[in-house]
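1. sequence-free structure coming up:
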């Protein structure tokens, strides 16, 4: 899909910090990099966590994520390569594969598993945790498997931006970009975080991309191929290297990105959301507003009441 040019934001956000992720393991020993850690939850509210897993060694991912509980937030799993089978205590089952997304609202709680359906090859993807407001934390669990073909795509026309380069492929998982709505759209009354989730594919040779961002939204960029620069109003370009996250400041009406003019394409996630500004109480896979609610979540899980 191609669209007409979209005017660039009049004021641009800068890079506030560059973050290096922390290698860790989760599930039954899956090796991954935790990019958005618990100490950044306040700064990047409503986002709670971002994990990046990528390996061609089955020993790094083969044991998967056996049954485990969640309550009080949403998980967004985006597969770049590989196959993952989801099953949960509410009786749902689905297969997540190349280019697909699973959006799960844990709500009042469920138990689920995410297990690889491959014995070799590359397994690569991301899991983002998105907080729920207090009024929705005990909502009924829900999930949607979004196959790759269901994710709207748009290619920016050449000539976008001052450098007259474009041709960036945008996969719009949620929110909107260049007049195209993403795969996930929900009522703001119940889900007020208004998440924007874009997967940006910059062609080899470099290209620029601009995206409007509401001043109320916290935003970050994660680069998982090549290097992408964040360009400010003074044309100063801050490089965001491979496997680094750039927290964007909250001054400006949008962001302008520029990939390096190299022989290899670049790819990055641009994610933004409206902060909830509510207390965050977390104990592992439970995210509530108070310690008392966490205690209740653990009791419910131990007594078998966390079944969806």
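-> Sure, I can see it. As the structure is a computational prediction, the values presented were derived from the model and not from experiment.

2. where in the chain is pLDDT low?
-> Along the chain, the model assigns pLDDT under 70 to residues 1-8, 159-166, 308.

3. dead centre of it: give me the residue that sits there.
-> Residue closest to the average C-alpha location in the chain (CA atoms, centre = their mean): residue 128, at 4.5 Å.

4. which residues of this structure fall in helices?
-> Ranges of helices in the chain, per DSSP state H, are 58-61, 291-302.

5. make CSV from those helices and add distance to residue 207 and mean neighbour count to it.
-> Heads up, the C-betas are built off the backbone N, CA and C, glycines and all. Listed next are the helices of the chain as CSV, based on distance: least, CB to CB, whole Å; neighbours: other CB atoms under 10 Å:
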stretch, distance to residue 207, mean neighbour count
helix 58-61, 32, 16
helix 291-302, 46, 16
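
6. make CSV out of these and add distance to residue 36.
-> Shown next, in CSV, are the helices of the chain (distance: least, CB to CB, whole Å):
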stretch, distance to residue 36
helix 58-61, 20
helix 291-302, 21
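
7. just list whatever residues bridge to residue 129.
-> Following DSSP bridges, residue 129 is listed with bridge partners residue 49, residue 75.

8. any idea how far it is from residue 171?
-> According to CB to CB, to the nearest Å, residue 129 and residue 171 sit 20 Å apart.

9. returning to what we had before: contacting residues around the residue nearest to the centre of the chain?
-> 36, 47, 49-50, 75-78, 197, 271 (CB atoms under 8 Å, 6 or more residues apart in numbering).

10. try 6 Å this time
-> Contacts were defined as CB atoms under 6 Å, 6 or more residues apart in numbering; by that measure residue 128 touches 50, 76.

11. and if you look at the one 10 residues further on?
-> For residue 138, the contact set (CB under 6 Å, 6+ apart) comprises residue 108.

12. next one: the residue nearest to the centre of the chain from residue 39, what distance?
-> Taking CB to CB, one finds residue 128 at 17 Å from residue 39.

13. ok, now how distant is the nearest residue to residue 226 once chain neighbours are set aside from residue 78?
-> Nearest residue to residue 226, sequence neighbours excluded (CB to CB, 6 or more residues apart in numbering): residue 266, at 3.1 Å. Distance, residue 266 to residue 78, by CB to CB: 17 Å.

14. likewise for residue 198?
-> For residue 198, the distance to residue 78 - CB to CB - is 11 Å.

15. ok, now residue 154?
-> For residue 154, the distance to residue 78 - CB to CB - is 18 Å.

16. then residue 302?
-> Counting by CB to CB, the gap from residue 302 to residue 78 is 32 Å.

17. and for residue 293?
-> 29 Å.

18. surely residue 118 meets residue 84?
-> No - the criterion here is CB atoms under 6 Å, and residue 118 misses it with residue 84 at 8.9 Å.

19. show me which of these two is the more surrounded one.
-> residue 84 (24 against 15; other CB atoms under 10 Å).

20. relative to residue 27, how far out is the closest residue to that one other than its chain neighbours?
-> Closest residue in space to residue 84, ignoring its immediate chain neighbours: residue 96 at 4.5 Å, by CB to CB, 6+ apart. Distance, residue 96 to residue 27, by CB to CB: 15 Å.

21. what about the two, which has more around it?
-> residue 96 (23 against 17).

22. wait, that one touches residue 85, no?
-> No - contact criterion CB under 6 Å: residue 96 and residue 85 do not qualify, at 7.7 Å.

23. re earlier: for residue 266 and residue 78, indicate the residue with more neighbours.
-> Each of residue 266 and residue 78 has its neighbours counted (other CB under 10 Å); residue 266 has more, 26 against 22.

24. which residues of the stretch 51-200 of the chain fall in strands?
-> Applying DSSP state E, counting those that start in this stretch to the stretch 51-200 of the chain gives strands spanning 65-70, 73-81, 83-88, 93-97, 101-105, 110-116, 123-131, 142-146, 153-155, 169-174, 176-177, 180-181, 196-202.

25. distance of residue 301 relative to residue 71?
-> 8 Å.

26. swap that for residue 262, please
-> For residue 262, the distance to residue 71 - CB to CB - is 44 Å.
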